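Asks: Using only what follows, build the 3D model:
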Amino acid sequence: MASDSLVRLKPIDVNPKLKDAVYQSLKEAISKMDIYSGDGPPKLDERKLADDLGVSRTPIREAITRLEQEGLVVTYPRRGAFVVRKNKEEILEIICVWAGLEGMAARLVTEHANDEEIASMRKLFATFDDSDEARANIDEYSKKNIEFHQCLIELSKCKLLKEIADGLFVHMRAIRRKTIGERDRAAESIIDHMRIIQSLEERDATMAEQLVREHAMYLANHIKQHVDYLD
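Replies: Presented below is the predicted three-dimensional model:
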């Protein structure tokens, strides 16, 4: 969907922390974009971004510079700034690293999250009784899928792990969103999630870590075998 590849922002109030507010707003908007739809990486229009936020172009440029330092944006002379799109090899590397981080997060969840917090993960999928329901409501299921992975990282209650994961999550979110409707991945995904949640509920750290790593690597295998739009 081409419309999903556009940066969407709402006006923000001018305040003493304007630079940070603009930066956070732009970063959040990029994190929600469908980066891998369309023929090329999305372009950031400084004038439009400034108009959308109700600010001058100066804090927009400063925010873009910060995002470029983080590897989320790249600027080309005379062409402007673009959201970074990773190629296939780079995405596979990101998934490999993510599998390790999220696997450790799952282990930490069994140690640090309480029963109510783990139960909240099961509630994410309360409206999806089976894989047919996930297929029929793929957009809504995609949102819950992303929330599930965010929740895993959050419930690890490890600040450093979360900081590292945040640097990868923009691309993990985008590629999960892009691939969830391919080759019946939604049906496989919901089965994986239920098994992961059960292992967390049983406080089985080894099983939870293994299942989460395998779940990530299934995505990597799917990309290796079936995805050609990253080449």
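
Asks: Every contact and neighbour count from this point should use C-alpha atoms.
Replies: Will do.

Asks: roughly how far is the host helix or strand of residue 221 from the heart of the chain?
Replies: Using DSSP states H and E, residue 221 falls within helix 205-226. How far helix 205-226 lies from its chain's middle: 16 Å, per C-alpha atoms, centre = their mean, to the nearest Å.

Asks: Stretch 155-175: which residues count as buried?
Replies: 155-157, 161-162, 165, 168-175 (16 or more other C-alpha atoms under 10 Å).

Asks: re the thing from before, so which elements touch the helix holding residue 221?
Replies: helix 88-112, helix 185-201 (3 or more C-alpha pairs under 8 Å, 6 or more residues apart in numbering; DSSP states H and E).

Asks: Kindly reformat these as TSV containing distance to residue 21 and mean pLDDT.
Replies: TSV is the format used below for the helices and strands packed on helix 205-226 (distance: least, C-alpha to C-alpha, whole Å; pLDDT from 0 to 100):
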stretch	distance to residue 21	mean pLDDT
helix 88-112	28	97
helix 185-201	35	93
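
Asks: okay if I get these as a markdown table plus distance to residue 44?
Replies: What follows is the helices and strands packed on helix 205-226, written out as a markdown table (distance: least, C-alpha to C-alpha, whole Å):
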| stretch | distance to residue 44 |
| --- | --- |
| helix 88-112 | 22 |
| helix 185-201 | 31 |
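
Asks: Adding distance to residue 28 and mean neighbour count, write the ones you listed out as CSV.
Replies: Rendered in CSV, the data for the helices and strands packed on helix 205-226 read as follows (distance: least, C-alpha to C-alpha, whole Å; neighbours: other C-alpha atoms under 10 Å):
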stretch, distance to residue 28, mean neighbour count
helix 88-112, 19, 20
helix 185-201, 25, 19
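
Asks: Pull the most distant pair out of the buried residues of stretch 155-175.
Replies: Comparing all pairs in the buried residues of stretch 155-175 by C-alpha to C-alpha, the longest separation belongs to 157 and 175, at 25.0 Å.

Asks: Residue 48 and residue 9, how far apart?
Replies: 10 Å (C-alpha to C-alpha, to the nearest Å).

Asks: So if I had to pick from the two, which one is more boxed in?
Replies: Between residue 48 and residue 9, counting by other C-alpha atoms under 10 Å, residue 9 is the more crowded of the two (18 against 13).

Asks: In terms of helices and strands, where is the residue nearest the centre of the chain?
Replies: Central residue of the chain (C-alpha atoms, centre = their mean): residue 173, 2.3 Å from the mean position. Using DSSP H and E, residue 173 sits in helix 159-179.

Asks: Only alpha carbons, please: show stretch 74-88 as PDB.
Replies: The C-alpha trace of stretch 74-88 is given here as PDB (Å, rounded to 0.1, in the frame of the first residue of the first chain):
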ATOM      1  CA  VAL A  74      20.600   8.600   4.700                       C
ATOM      2  CA  THR A  75      21.100  12.000   3.000                       C
ATOM      3  CA  TYR A  76      22.400  12.300  -0.600                       C
ATOM      4  CA  PRO A  77      23.700  15.500  -2.100                       C
ATOM      5  CA  ARG A  78      21.100  17.300  -4.300                       C
ATOM      6  CA  ARG A  79      18.600  14.500  -3.700                       C
ATOM      7  CA  GLY A  80      17.600  14.900  -0.100                       C
ATOM      8  CA  ALA A  81      17.000  12.600   2.900                       C
ATOM      9  CA  PHE A  82      15.600   9.100   2.600                       C
ATOM     10  CA  VAL A  83      14.600   6.400   5.100                       C
ATOM     11  CA  VAL A  84      17.100   3.600   5.000                       C
ATOM     12  CA  ARG A  85      16.000   0.400   3.400                       C
ATOM     13  CA  LYS A  86      18.200  -2.600   4.100                       C
ATOM     14  CA  ASN A  87      19.000  -5.200   1.400                       C
ATOM     15  CA  LYS A  88      18.400  -8.900   1.900                       C
END
